[in-house]
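In: Can you look at this prediction? I've put the sequence above it.
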Amino acid sequence: MELPPSDPDGMDPNQAQPQAHHRAPFPARTRACHFDGNGNSHTIAFNLNSSSAHGPQFNWYHIELPKTSQKLSISAQTLISLLCPPLKLQDILSLASAGPFCGLVDGALIFRLKSSLTLRLAARVTENSVVSVSLGRVPRLGFVSMGRSLLSEIPRLEGTKGGGVEIGEELLESLLGMNFEGRRTGMRRCRGGRGKLVHVVDVHVDQVQDAVMKFEMELDSVELELDRGGSALKKQMLDDRKFAKMHLNLQRLLQVVAHGEQVFPRVKEKCAAKGWFVGEDIVAFEELISRLRRLKENLGFIVNRVTAV
């Protein structure tokens, strides 16, 4: 199976592949899966009205908003066209509004993380359904079957013969710029809506850490160029507003992490009050919150480096 460079975990062929919907103000991509509670899943139609999940079963509905739909009203119209009915206006506003949020709306847990960066996530969770919304594609969001991950394969260099999976330079550079701390369990299999919620949040933290790693790699490159080029290169970078852009991107990353620090502890508290959440999920949330705090500490060191440059 050929795995896409941007998603080393691959995708189970039995799972929903993103489908384009053109009846929305902007064409959104959707996917929908039914999970039987035992780790098995299959594709279903994207229709919240036809939900038949009960007991340990649940349905997952995901919407990828195009990155061109930055205007909140356009995003809200897209969600209305795809989720209403059965969702109500207060559900849509809670998912699409600006800023961080976590609360109960009509008995459902809704949270969102919105910032000026393109790392945006919102979700609505009930016992038998998870509706998640992202801006653009989120790598590693889907689940895979056992043994289908690129990470578990033996690599070989491009152009060489032998067994294993051929790894080109472009793919290798992409993988080196990604975080795999969240891949501890390899091919995770979801056994309930609560597990899917933890997975969605886990992938978001992975995505934030990827962005921090890429920024740090860019900073390493700038420092190396300055060591070689001296004052003339530094003046050119100042003229190109290179440092100003780095400061802006750094502030955006700090905002994303701050929103996560605000929202995820509240999500954990509200989940703990739900009878269908278990202790291991609360522990998983505590681990994710700890990862965000470590990211914040790392960003503090990066701020000092950028200031020194």
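Out: Received it, and whenever you're ready, just let me know what you need. Numbers count the residues shown, from 1 in each chain.

In: Just the element for M217, please.
Out: If you go by DSSP states H and E, M217 is part of helix 193-239.

In: Give the other helices and strands that the next helix or strand after that helix contacts.
Out: Elements were assigned by DSSP H and E; along the chain past helix 193-239, the next helix or strand is helix 242-272. Judged by 3 or more Cβ pairs under 8 Å, 6 or more residues apart in numbering; DSSP states H and E, helix 242-272 is in contact with strand 101-105, strand 108-113, helix 193-239, helix 279-308. All C-beta atoms are positioned from the backbone trio N, CA, C, and that covers glycine.

In: tell me the angle the last one makes with helix 193-239.
Out: What it means is helix 279-308. For helix 279-308 against helix 193-239, the angle by axes from the mean of the first three to the mean of the last three Cα atoms, to 10 degrees is 0 degrees.

In: related to what we said a few turns ago, is it possible to get CSV of the helices and strands packed on helix 242-272 that adds distance to K270?
Out: Formatted as CSV, those follow (distance: least, Cβ to Cβ, whole Å):
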stretch, distance to K270
strand 101-105, 7
strand 108-113, 6
helix 193-239, 11
helix 279-308, 11
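
In: Could you identify which of those is most buried?
Out: strand 108-113 (a mean of 22; mean count of other Cβ atoms under 10 Å).

In: Alpha carbons only: can I get that one in CSV?
Out: Output in CSV follows, covering the C-alpha atoms of strand 108-113 (Å, rounded to 0.1, in the frame of the first residue of the first chain):
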residue,chain,number,x,y,z
ALA,A,108,-23.6,17.7,24.7
LEU,A,109,-20.0,18.7,25.5
ILE,A,110,-18.6,21.2,23.1
PHE,A,111,-15.2,22.7,23.0
ARG,A,112,-13.2,24.7,20.5
LEU,A,113,-9.7,26.2,20.0
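
In: what's the next helix or strand along the chain from that strand packed up against?
Out: Using DSSP H and E, the helix or strand that follows strand 108-113 in sequence is strand 121-126. Applying 3+ Cβ pairs under 8 Å, 6+ apart, one finds that strand 121-126 makes contact with helix 89-96, strand 108-113, strand 129-135, helix 193-239.

In: could you redo these as a markdown table and give each row mean pLDDT?
Out: A markdown table is the format used below for the helices and strands packed on strand 121-126 (pLDDT from 0 to 100):
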| stretch | mean pLDDT |
| --- | --- |
| helix 89-96 | 92 |
| strand 108-113 | 89 |
| strand 129-135 | 89 |
| helix 193-239 | 80 |
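
In: I'd like those laid out as CSV, including distance to G164.
Out: Converted to CSV, those look like this (distance: least, Cβ to Cβ, whole Å):
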stretch, distance to G164
helix 89-96, 43
strand 108-113, 38
strand 129-135, 33
helix 193-239, 25
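
In: Nearest to S75, out of those?
Out: Among the helices and strands packed on strand 121-126, the nearest to S75 by Cβ to Cβ is helix 89-96 (5.0 Å).

In: Check which helices and strands the closest one sits against.
Out: For helix 89-96, the packing partners by 3+ Cβ pairs under 8 Å, 6+ apart are helix 72-83, strand 101-105, strand 108-113, strand 121-126, strand 129-135.

In: orientation of the longest one relative to strand 129-135 in degrees?
Out: To tie it back to what came earlier, the one meant is helix 72-83. Using the same axes, to 10 degrees: helix 72-83 against strand 129-135 is 150 degrees.

In: Give me the buried positions along helix 72-83.
Out: Buried residues in helix 72-83, counted by 16 or more other Cβ atoms under 10 Å: 74-80, 82-83.

In: Show me what it is packed against.
Out: Using 3+ Cβ pairs under 8 Å, 6+ apart: helix 72-83 touches strand 28-35, strand 58-65, helix 89-96.

In: Could you break the chain into its assigned domains?
Out: The chain breaks down by automatic domain parsing into domains covering 19-135, 193-308.

In: tell me how far the first one is from the chain's mean position?
Out: Put plainly, it is domain 19-135. Between the centre of domain 19-135 and the centre of its chain there are 14 Å (Cα atoms, centre = their mean, to the nearest Å).

In: Over to the last one?
Out: Average the C-alpha atoms of domain 193-308, do the same for its chain, and the two points are 12 Å apart (Cα atoms, centre = their mean).

In: now do the same end-to-end measure for stretch 114-125.
Out: Stretch 114-125 has an end-to-end distance of 18 Å (Cα to Cα, to the nearest Å).

In: make that stretch 107-120, sorry
Out: End-to-end distance (Cα to Cα), stretch 107-120: 23 Å.

In: got a list of contacts for it?
Out: Contacts with stretch 107-120, where a contact means Cβ atoms under 8 Å, 6 or more residues apart in numbering, come from 67, 91, 94-104, 121-126, 134-136, 204, 207-208, 211, 252-253, 255-256, 259-260, 263, 266-267, 270-271, 274.

In: All set now, cheers.
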